[in-house]
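Peer 1: show me how the following folds:
(2 chains, ligands or ions: 2)
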Amino acid sequence: MQHYAWNWGILVTQPYVFWILSGLLWTMLVALAGWVLALALGSILGVARTVPNRVVRALAAAYVEYFRNVPLLVQIFLWYFVLPELLPEGAGRWLKRDLPNAEFWTAVLSLGTYTACRVGETLRAGIESISRGQTSAGLSSGLTMAQVYGYILLPVAYRVTVPALTSEFINIFKNSALALTIGVLELTSRTRQIAEFTYNAIELFTCATVIYALISLVVTYAMRIAESRARLPGMIASQPTDA
Amino acid sequence: MIAIDKVSKWYGRTQVLADCTTAVARGEVVVVCGPSGSGKSTLIKCVNGLEPFQQGSITVDGVSVGDKATKLAKLRARIGMVFQSFELYPHMTATENITLAPIKVLGRDRVEAVARAHALLERVGMREFADRYPANLSGGQQQRVAIARALAMEPIAMLFDEPTSALDPETITEVLDAMMALAQDGMTMIVVTHEMGFASKVAHRVVFMDGGRIVEDAPKAEFFDRPHSPRAQAFLSKILRH
Ligand SMILES: Nc1ncnc2c1ncn2[C@@H]1O[C@H](COP(=O)(O)OP(=O)(O)OP(=O)(O)O)[C@@H](O)[C@H]1O
Ligand SMILES: [Mg+2]
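Peer 2: Ligands and ions are numbered 1, 2, ... in the order given. Model (predicted):
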């Protein structure tokens, strides 16, 4: 420690400052694209877990069990290293060689499909918390089951699960650091890279930590505003969950 | 208009409806009563296909409810239903609750649907609450909105499942008044209720159920003056004593 050469200026030195910024950009891209996938797929899963059809429910349950129980890092490796080998030769080669930004898309796919199972379980709980009479009311007015989900059950489920969904959104930012293992030059990867060049690991990882914490803070704050807008009238304000 | 013929229903091995037969003519108001668990809710939910039944048949305006070829959503769009616990959609205002099905099911124009919703709210005395959310309405007010919501589909018949059971005594009358007005306008109605005052004023017939069976099905006067079955007699004396 005595020999540690402190240099906070490294954080604003060229080209490193641009490396950090581009890392942050990739982190955001991976997390946001993953979140879009997670929310879309998670909504389908949440619905599939609650529909009357048993086969659909079982398939959704199997999805959730797999994605929830296999470590995320292993899932990333399976998508990145194993999937291309399992596909027909042409498709596998296209994935490995020709797909532009293959690492990025793999990271988005891994994070999205993993987070989807958690979003799905959250929405399932939200849907199950709604009285069955709401479905009866919708059906009795001539809506189809799909319309009941689309106009009544899902919109209410999103509103009552905002705090839990916020945690998942923050988690996808944090989990996106794992994308460095397949070569995505996101924030953590860039931080490590610069630290190896400059030996200023303390400053750099402090900086990364602060950035991740700031993202969480901003997301929490933004979601709290969104929640107060979307809150069901008359519902008691729910406590923000820690992320 | 509604014909229920020898309908039986089981939940697993327990029979909840046994050989129920009755009919409701156009413009007729039928009150269904009976002890808790006698199958009243189940019977009216069979009428619009919310509950399946295993035996017998139900036809509404000539359409067979139990028939696999029947488009249930289409049939339900023509039958209004009002529930004990109102079941207004909590994320929508009174107006939005009322316009949802006309817009999404009947394909009505939004502006037209809103104008009609406001007219219906006027009719149940709720015009000034058009933009309130259900959580900000009293029980009686919510139930009147629910009635307006059902009417918005211009139903050929209305089903009520204990519409006043969850209400404070003071607000019961405002809902019953709305229902009475509806009956006087000639709406075909099946009403599950223990409000015998309502039954004696507006019902044409009273159906009494016990243990999944229709034990008594008689014109109002006959039912109140000389009920045949001992169980209906016992039920009436218990209810009328209060
Ligand atoms: N989903 C269900 N599964 C099993 N049994 C049920 C179910 N729903 C109702 N039952 C049973 O069916 C019978 C009739 O129920 P129903 O709700 O039709 O009675 P009800 O006459 O409406 O009673 P209440 O006055 O309490 O509303 C009851 O014995 C009830 O326990
Ligand atoms: Mg009932």
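Peer 1: CA atoms for contacts and neighbours, from now on please.
Peer 2: OK.
Peer 1: residue numbers of chain B in contact with chain A?
Peer 2: Within reach of chain A by C-alpha under 8 Å from any C-alpha of the partner chain, chain B has these residues: B:48, B:50, B:72-83, B:85, B:87-91, B:101, B:104-105, B:133, B:135-136, B:150, B:153.
Peer 1: can you mark which positions in the helix or strand of chain A with the lowest mean pLDDT are buried?
Peer 2: Ranked by mean pLDDT, DSSP states H and E, the weakest helix or strand in chain A is helix A:89-93, scoring a mean of 87. Neighbour-count burial for helix A:89-93, counted by 16 or more other C-alpha atoms under 10 Å in any protein chain shown, picks out A:G92.
Peer 1: and the next helix or strand past that helix?
Peer 2: helix A:102-128 (DSSP states H and E).
Peer 1: which positions within that following helix qualify as buried?
Peer 2: In helix A:102-128, residues buried by neighbour count (16+ other C-alpha under 10 Å) are A:102-127.
Peer 1: give me the below-cutoff pLDDT ranges for chain B.
Peer 2: Applying pLDDT under 70 to chain B picks out residues B:241-242.
Peer 1: looking at it, which helix is longest?
Peer 2: helix B:169-184 (DSSP state H).
Peer 1: now do the helix or strand just after that helix against helix B:169-184, angle only.
Peer 2: Per DSSP H and E, the first helix or strand lying C-terminal to helix B:169-184 is strand B:188-192. Strand B:188-192 and helix B:169-184 are oriented at 150 degrees to each other (axes from the mean of the first three to the mean of the last three C-alpha atoms, to 10 degrees).
Peer 1: by contact count, what packs against strand B:188-192?
Peer 2: strand B:29-33, helix B:40-47, strand B:157-161 (3 or more C-alpha pairs under 8 Å, 6 or more residues apart in numbering or on different chains; DSSP states H and E).
Peer 1: among those, which is nearest A:S176?
Peer 2: Taking C-alpha to C-alpha, helix B:40-47 is the member of those nearest to A:S176, at 50.0 Å.
Peer 1: now for the closest one, which elements pack on it?
Peer 2: Looks like helix B:40-47 contacts strand B:14-24, strand B:55-60, strand B:157-161, strand B:188-192 (3+ C-alpha pairs under 8 Å, 6+ apart).
Peer 1: re the thing from before, report the buried members of the residues of chain B next to chain A.
Peer 2: For the residues of chain B next to chain A, buried by 16+ other C-alpha under 10 Å: B:48, B:50, B:72-83, B:85, B:87-91, B:101, B:104-105, B:133, B:135, B:150, B:153.
Peer 1: which positions in chain B make contact with ligand 1?
Peer 2: B:11, B:16, B:35-42 (C-alpha under 6 Å from any ligand atom).
Peer 1: which of these has the most neighbours?
Peer 2: B:K40 (28 neighbours; other C-alpha atoms under 10 Å in any protein chain shown).
Peer 1: residues contacting that residue?
Peer 2: B:32-34, B:192, B:209, B:212 (C-alpha atoms under 8 Å, 6 or more residues apart in numbering or on different chains).
Peer 1: buried only: go through these for me.
Peer 2: B:32-34, B:192, B:209, B:212.
Peer 1: nearest to chain A, of the residues you listed?
Peer 2: B:V192 (16.4 Å; C-alpha to the nearest C-alpha).
Peer 1: so who does that closest one touch?
Peer 2: Contacts of B:V192 by C-alpha under 8 Å, 6+ apart are B:31-33, B:40-41, B:160-163.
Peer 1: also B:I214?
Peer 2: Neighbours of B:I214 in contact, by C-alpha under 8 Å, 6+ apart: B:20-21, B:207-208.
Peer 1: hmm, back to that, tell me which of the helices and strands packed on strand B:188-192 is the most buried.
Peer 2: With neighbours taken as mean count of other C-alpha atoms under 10 Å in any protein chain shown, the helices and strands packed on strand B:188-192 reach their highest mean count in strand B:29-33, at a mean of 26.
Peer 1: neighbouring strands of that strand in the sheet, and parallel or not?
Peer 2: Applying DSSP bridges, strand B:29-33 is found paired with strand B:188-192 (parallel), strand B:205-210 (parallel).
Peer 1: closest to B:A203 out of the contacts of B:V192?
Peer 2: B:V31 (6.1 Å).
Peer 1: so what's that closest one bridging to?
Peer 2: Going by DSSP bridges, B:V31 forms beta bridges with B:V191, B:V206.
Peer 1: I'd say it and B:I190 touch.
Peer 2: Yes: proximity of B:V31 to B:I190 meets the contact threshold set by C-alpha atoms under 8 Å, at 5.9 Å.
Peer 1: biggest helix in chain A by residues?
Peer 2: Counting residues, the longest helix found in chain A (DSSP H) is helix A:16-48.
Peer 1: model confidence over that one, on average?
Peer 2: The average pLDDT within helix A:16-48 is 96.
Peer 1: that one - contacts with which helices or strands?
Peer 2: Using 3+ C-alpha pairs under 8 Å, 6+ apart: helix A:16-48 touches helix A:54-69, helix A:102-128, helix A:162-175, helix A:187-198.
Peer 1: what residues does the first one touch?
Peer 2: Outside helix A:54-69, the residues that touch it by C-alpha under 8 Å, 6+ apart are A:45, A:48-51, A:75, A:113-114, A:117-118, A:120-121.
Peer 1: could you check the angle it makes with helix A:102-128?
Peer 2: Interaxial angle of helix A:54-69 relative to helix A:102-128 (the same axes, to 10 degrees): 120 degrees.
Peer 1: A:R159: which of the contacts of B:V192 is nearest?
Peer 2: For the contacts of B:V192, the nearest to A:R159 is B:P163 (28.1 Å; C-alpha to C-alpha).
Peer 1: residue contacts, that closest one?
Peer 2: So B:P163 contacts B:82-86, B:143, B:175, B:192-193 (C-alpha under 8 Å, 6+ apart).
Peer 1: let's see that with 6 Å instead.
Peer 2: B:83-84 (C-alpha atoms under 6 Å, 6 or more residues apart in numbering or on different chains).
Peer 1: how near is it to ligand 1?
Peer 2: 11 Å (C-alpha to the nearest ligand atom, to the nearest Å).
Peer 1: ok, and the most crowded of the contacts of B:I214?
Peer 2: B:F208 (25 neighbours).
Peer 1: distance of the residue of chain A found nearest chain B relative to B:C20?
Peer 2: Nearest residue of chain A to chain B, counting by C-alpha to the nearest C-alpha: A:G142, 4.0 Å away. A:G142 sits 25 Å away from B:C20, going by C-alpha to C-alpha, to the nearest Å.
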